[in-house]
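Asker: Test case, fold it:
(chains A, B and C)
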Amino acid sequence: MANVLFTQRCVRSCPYCFAEKHMSESSPKDVLTWENLIYLADFLEASGERRFSILGGEPTLHPDFTDMVAYLLERKFEVKVFTSGIMADRVLEESAMVFSAAHPEQLSFICNLNDPQKTPTSLAEVESAKRFLGVFGDRVVPGFNIYRTDFELDFLFRSINEYGLKRTIRIGLTHPIPGKKNRFISLADMDTIIARLFTYAPLFERLRIKPGLDCGFPLCRFSDEQLAWLYRHTGGKYDFGCGPVIDIGPDLSVWSCFPLSSFQKKSVFDFNSLQEIHEFYQRFHAIVRTEAGGIFEECDACVMREDQHCRGGCVAHSLSRFQDEAPVRFREVYV
Amino acid sequence: MTAPVLVCPFQEELLARLSGRTLVITIDDVRDIPRVLEKARLHSIRVHCLDVRTRLPLTSLTVSEEWRGAPLALHVSELGRFREVVRQLALLKQLNIRIYLPLSAPAGSAGIRILSSLGVSTAVDFGDAKPDWDQAGDLLAYALFGLRPHAPIEPFQFLISQYDQHQETDFGAVYFDEPAKYPHVNSDGRIALGRREMAKGLFFAESIDEADSLLSEAAERKKHERREKFFLMNDGCAYCQGWRVCLGTFAHTRNGANGCARFFSEVMDSIERFRSLRERKTELWQP
Amino acid sequence: MATVILKATEKCNSNCYYCDVVRKANTGASMSPRVLETVFRRINEFLLAHPEERINLLWHGGEPLLLGPDYFEAAAAFQQKHCEQTQSRIQHSLQTNLTCFDEAFVPVLTRLGITAVGTSFDPEPHMRGPGKEIDSVAYNTKFLKSLNILEKHGFGWGMIYVVTKKSLSRPESIFTYLTNLQLKGGFNLNPVLIYDQDRRDVAITADEYTEFLGAIFPLWWKYRHRFPHVQPFRSLVENIIEGRTSLGCADSGRCTYQHINVAPDGETSQCGRSADWGLLQYGNVEARSFEEILHDGQRAQLQDRVERLPQGDCEGCRFWSLCHGGCPLDAYAQHKSFLHKSEWCDARRGFIEKYFEPITGVRYEPRV
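Answerer: Modelled structure (predicted):
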């Protein structure tokens, strides 16, 4: 799978933003052209990939957002749009009209929602997101990024019920961006946030909502009891991974994932298939893992990591650390 | 020699005079398509193509079930919003249609790719102004080396099949602009070698019967005149590497910057590369 | 195969700037029917005596087509009359500027078995053309019209482009022009040969010729599949890369006993230039047979040259078997002796070493 950036502009300024470094180094005027969209559609199709994830910035800011999604649907891609849900009424109306015929499995949204109580959000943005959820609720998986230890999920449960969202919450862990000062969960706070997450376990159970863990959670920080609960309530559909996600910019530049956007940036034209891109960035991850097995010292000797049940947390932690040391490691790990 | 296909405007009395002939009938309104087909049938005309030259975006036209079976060359001003195109796409894909889009239109090259990638045959309308040769070059690369199969994009498909590295290759037929194949008839029944000649009132025959005997020589003469025109100049198209495909067609757009030279040179290189890649493919044995 | 260069007329309707024929004391004479008939008798006599031989009869001038179609009809009739048993071994070829070619020539050229003609062309203004002004527009217009007739009737054609000082500023453009005109590249890029002082403005040196070819060669090498028949490139590829021996008269070292130039009055010589310069005169066709002419004692000088040059000017030269010292007449023009190499040898060697070998990646190794 790969994420394709339709735009490099965003309507929000989340304190944890993964994309901030990439966006600060790119032109906000850069938007995906039709030529590049068609090239990517062909490229993914030729690679046997039928999924097309759309990312931003805020992808709905693209002037041809609706048309481009309609095109991808016509090409029979399974389209997933990552959005804040904050968009102009015109775009929402157009989208509602154009996407209404698409099967929910063919077009879905991951709507990253911030807790309005904890993250400064204007009323207009909140209202806009609500309108979006009102229109597309049954296609939306709510997403939430944990960037502070006192986070709350109650507002998400309310939204799921109020707008009929899909009954899964995609829970992301915020990671450092090497070379940028964003807010993220430090290693010392891992236990705290996992413990806090599990205070919501009864609510997840009662409302029949599943937690979906995004990349970078370290397995060792979960107790056996917590893992058993996760297994029971997700059917084992979770992993403790960290690997190349593959993000592709409007200009067809490609990188492993947003936190790693400064490392080994290439062009899609350098590769013959998506598999080749994956292999390239997997090699990069392997290099980082050679330098540091995981985010904790004990990761190096961890059986769970050796057996690949856990990847050892997000490599961005290791890479961030390398930047402050004497440059004695593989040259690939430096910005 | 194959009998020429006459290109004529839609006028019923003209169709009556051309009864039994094979024609390209030009109209400018898609709403006339059913009526023209009906009249052609009435006068025993074999319709080679209806050349529909609208000045409207594709999205402003209503693609009709009545177009089924009709060979159509549809010139539009631009594609329009895809969300509107998509509503007509299923029917468009079932029609015997090629859509001509100007490169100069907003997202002209993109429009061609969009339609082609979704299985609708297209053609580049280079227009009379100076085309954007960089866009044309990108489109060429897509047409020949696109990663996935797509519907033909003209004139590239024509050139893939017709280009001969040892000869001049005229792709004018894609635009019904090849004298030996597509003489043009005006409403009086007078015959010109092409659209430009007709616009200038340059007729080589006063009637269809006369044209039958004069066409071959007139077409040959035009070909020779073209060579004489360019090869007597001390500069220009005869000195261009793209000559054997362009044949001076875009001489009027040169104006100092020769994007056309680079483009047509690239056309030849690309076609040769395309063919060599195709030849290298191993054909599996068959019982 | 012996080559008979038939200078049927010295008249020419063009006044090409670099042409030597128009500047020498030109009688404007044309070959009489009597001499023409004799030529065919001599050809028949020779071919009967040599059943394994063939003769290439090259119509040359002046401008041979000025003689008109009837003249060629007469030639065809003489051939029919005198060469009944041998005519299948006579091959006609024609070197013409094409400016007076028309439909009337088509039947007789066809009857003579001519399927392709050799011609000359120059897009540069005032290089080829009639009159004092050297009206190149008139020349080129007629030339192009004649090409149309040739192509209409399925004749092939090739041309000579003469590289002059004026060519040097835009070699690639000129090359592209020529390949657009002759799409398969059937042309020779020959250096201009200037022997007098009043046209030095167009003369080129061997180095300049090398650089001209060198500027074009990368383009030809890249696209040689489109226009393979460009000389001298094609010939070098055949000899250096493909291992075939295919050399023109100036380079083969084998012209000695193979060429006869017949002037309008029937006087014979080695070739056009030797006739113009009063060298290697072999007598009149009315008095001597082709057998005698082809074995005239003076020809030994040319054979002697081929044998002596490898120990002389060409000693140790890696490219000897590619040029054999070049054209003996070129050597004579410079040294007043045949026993030297031609100045164009340096151009050949320079081009191969500087351009051909590095670009093709093939080093020439003479076959032992």
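Asker: Residue A:230 contacts residue A:210, correct?
Answerer: No. Distance between residue A:230 and residue A:210: 9.5 Å, which falls outside the contact criterion (C-beta atoms under 8 Å). C-beta coordinates here come from the backbone N, C-alpha and C atoms, glycine included.
Asker: Settle it for me: which of those two has more neighbours?
Answerer: It is residue A:230, of residue A:230 and residue A:210, that has more neighbours when counted by other C-beta atoms under 10 Å in any protein chain shown, with 19 against 16.
Asker: tell me the contacts of the residue lying closest to the more buried one once chain neighbours are set aside?
Answerer: Nearest-residue entry for residue A:230: residue A:238, 5.6 Å, with adjacent residues in sequence omitted and distances by C-beta to C-beta, 6 or more residues apart in numbering or on different chains. When the contact criterion is C-beta atoms under 8 Å, 6 or more residues apart in numbering or on different chains, the partners of residue A:238 are A:211-213, A:230.
Asker: Can you classify residue A:238 by secondary structure?
Answerer: Under DSSP: H, G, I helix; E, B strand; the rest coil, residue A:238 falls in the coil class.
Asker: All the strands of the stretch 201-350 of chain C, in order from the start?
Answerer: Under the criterion DSSP state E, counting those that start in this stretch, strands of the stretch 201-350 of chain C are mapped to C:230-231, C:259-262, C:267-269, C:281-284.
Asker: which stretch among those strands comes nearest residue A:142?
Answerer: Between residue A:142 and these, the tightest spacing by C-beta to C-beta is seen for strand C:230-231, at 71.2 Å.
Asker: Identify the residues contacting that closest one?
Answerer: Applying C-beta under 8 Å, 6+ apart, the set of residues contacting strand C:230-231 from outside is C:179, C:185-189, C:220, C:224, C:248.
Asker: and it, which strands flank it?
Answerer: In the sheet containing strand C:230-231, the strands it pairs with under DSSP bridges are strand C:187-191 (parallel).
Asker: mind saving the C-alpha coords of the strand it pairs with as CSV?
Answerer: This file holds the C-alpha atoms of strand C:187-191, laid out as CSV (Å, rounded to 0.1, in the frame of the first residue of the first chain):
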residue,chain,number,x,y,z
PHE,C,187,24.6,10.3,-50.9
ASN,C,188,28.3,10.9,-50.8
LEU,C,189,29.9,13.7,-48.8
ASN,C,190,32.9,14.5,-51.1
PRO,C,191,35.4,17.2,-50.4
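Asker: what's the nearest residue to the residue in the stretch 51-200 of chain B positioned nearest to chain C if we skip its chain neighbours?
Answerer: Nearest residue of the stretch 51-200 of chain B to chain C, counting by C-beta to the nearest C-beta: residue B:165, 4.6 Å away. In space, residue B:165 comes closest to residue C:226 once its chain neighbours are excluded; the distance is 4.6 Å by C-beta to C-beta, 6+ apart.
Asker: Quick check, that neighbour in contact with residue C:182.
Answerer: No. The pair formed by residue C:226 and residue C:182 falls short of the contact definition of C-beta under 8 Å, at 11.4 Å.
Asker: Give the residue from these two that has the larger number of neighbours.
Answerer: Counted by other C-beta under 10 Å, residue C:226 and residue C:182 do not tie: residue C:182 has more neighbours, with 21 against 18.
Asker: List, one by one, the residues from the stretch 101-250 of chain B near chain A.
Answerer: Among all residues of the stretch 101-250 of chain B, those adjacent to chain A (criterion: C-beta under 8 Å from any C-beta of the partner chain) are B:107, B:109-110, B:113-114, B:117-118, B:138, B:142, B:146-148.
Asker: coming back round to it: was I right to think the residue of the stretch 51-200 of chain B closest to chain C contacts residue B:268?
Answerer: Yes. Residue B:165 sits in contact with residue B:268 when judged by C-beta under 8 Å, with a separation of 7.3 Å.
Asker: any common contacting residues for these two?
Answerer: When C-beta under 8 Å, 6+ apart defines a contact, the residues bordering residue B:165 and residue B:268 alike are B:244, C:226.
Asker: higher neighbour count, the two?
Answerer: Neighbours of residue B:165 and residue B:268, each counted by other C-beta under 10 Å, are more numerous for residue B:268; the result is 21 against 17.
Asker: any idea how far residue B:245 is from that one?
Answerer: As judged by C-beta to C-beta, to the nearest Å, residue B:268 and residue B:245 stand 6 Å apart.
Asker: So for those two, which residues contact both of them?
Answerer: residue B:163.
Asker: picking up where we left off before, with pLDDT as extra columns, can I get the contacts of strand C:230-231 in a markdown table?
Answerer: Below are these laid out as a markdown table (pLDDT from 0 to 100):
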| residue | pLDDT |
| --- | --- |
| C:179 | 97 |
| C:185 | 89 |
| C:186 | 93 |
| C:187 | 96 |
| C:188 | 96 |
| C:189 | 97 |
| C:220 | 98 |
| C:224 | 96 |
| C:248 | 85 |
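Asker: roughly how far out does the strand or helix carrying residue B:265 sit from the chain middle?
Answerer: Per DSSP states H and E, residue B:265 falls inside helix B:259-280. The gap between where helix B:259-280 is centred and where its chain is centred comes out at 19 Å by C-alpha atoms, centre = their mean, to the nearest Å.
Asker: who touches that helix?
Answerer: By C-beta under 8 Å, 6+ apart, the residues outside helix B:259-280 that reach it are B:130-134, B:136-137, B:140-141, B:144-145, B:156, B:159-160, B:163, B:165, B:240-246, B:250, B:253-254, C:225-226.
Asker: Tell me the buried residues within these.
Answerer: The neighbour-count criterion (16 or more other C-beta atoms under 10 Å in any protein chain shown) marks B:130-133, B:136-137, B:140, B:144, B:156, B:159-160, B:163, B:165, B:240-246, B:250, B:253-254, C:226 among these as buried.
Asker: Among the residues you listed, which are located in helices?
Answerer: Where those overlap with helices, as defined by DSSP state H, the overlap consists of B:133, B:136-137, B:140, B:144, B:156, B:159-160, B:243-246.
Asker: Return the member of those residues nearest to residue B:191.
Answerer: Nearest to residue B:191 out of these is residue B:246 (C-beta to C-beta; 26.2 Å).
Asker: ok, the closest one touching residue B:237?
Answerer: Yes. Using C-beta under 8 Å as the test, residue B:246 is close enough to residue B:237 to be in contact (7.0 Å).
Asker: what's the neighbour count on the residue nearest to residue A:252 when sequence neighbours are not counted?
Answerer: In space, residue A:252 comes closest to residue A:268 once its chain neighbours are excluded; the distance is 4.3 Å by C-beta to C-beta, 6+ apart. The local packing count at residue A:268 equals 21, with neighbours defined by other C-beta under 10 Å.
Asker: Need the pLDDT of residue A:268.
Answerer: What the model reports for residue A:268 is a pLDDT of 97.
Asker: Next, give phi and psi for it.
Answerer: With angles defined as degrees, to the nearest 10, residue A:268 sits at phi -60, psi -30.
Asker: pretty sure it is in contact with residue A:276, am I right?
Answerer: No. Residue A:268 sits out of contact with residue A:276 when judged by C-beta under 8 Å, with a separation of 10.0 Å.
Asker: Could you pull up the mean pLDDT of stretch C:89-102?
Answerer: The average pLDDT within stretch C:89-102 is 96.
Asker: buried ones in the longest helix along chain B?
Answerer: In terms of residue count, the longest helix belonging to chain B (DSSP H) is helix B:208-231. For helix B:208-231, the buried set under the neighbour-count rule, 16+ other C-beta under 10 Å, comprises B:208, B:211, B:214-215, B:218-219, B:222-224, B:226-228, B:230-231.
Asker: I'd like the residues you listed laid out as JSON lines, including distance to chain C and pLDDT.
Answerer: Rendered in JSON lines, the data for the buried residues of helix B:208-231 read as follows (distance: C-beta to the nearest C-beta, whole Å; pLDDT from 0 to 100):
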{"residue": "B:208", "distance to chain C": "25", "pLDDT": "88"}
{"residue": "B:211", "distance to chain C": "20", "pLDDT": "89"}
{"residue": "B:214", "distance to chain C": "16", "pLDDT": "92"}
{"residue": "B:215", "distance to chain C": "15", "pLDDT": "91"}
{"residue": "B:218", "distance to chain C": "13", "pLDDT": "93"}
{"residue": "B:219", "distance to chain C": "12", "pLDDT": "92"}
{"residue": "B:222", "distance to chain C": "11", "pLDDT": "91"}
{"residue": "B:223", "distance to chain C": "8", "pLDDT": "89"}
{"residue": "B:224", "distance to chain C": "4", "pLDDT": "90"}
{"residue": "B:226", "distance to chain C": "11", "pLDDT": "90"}
{"residue": "B:227", "distance to chain C": "6", "pLDDT": "90"}
{"residue": "B:228", "distance to chain C": "5", "pLDDT": "90"}
{"residue": "B:230", "distance to chain C": "9", "pLDDT": "94"}
{"residue": "B:231", "distance to chain C": "6", "pLDDT": "94"}
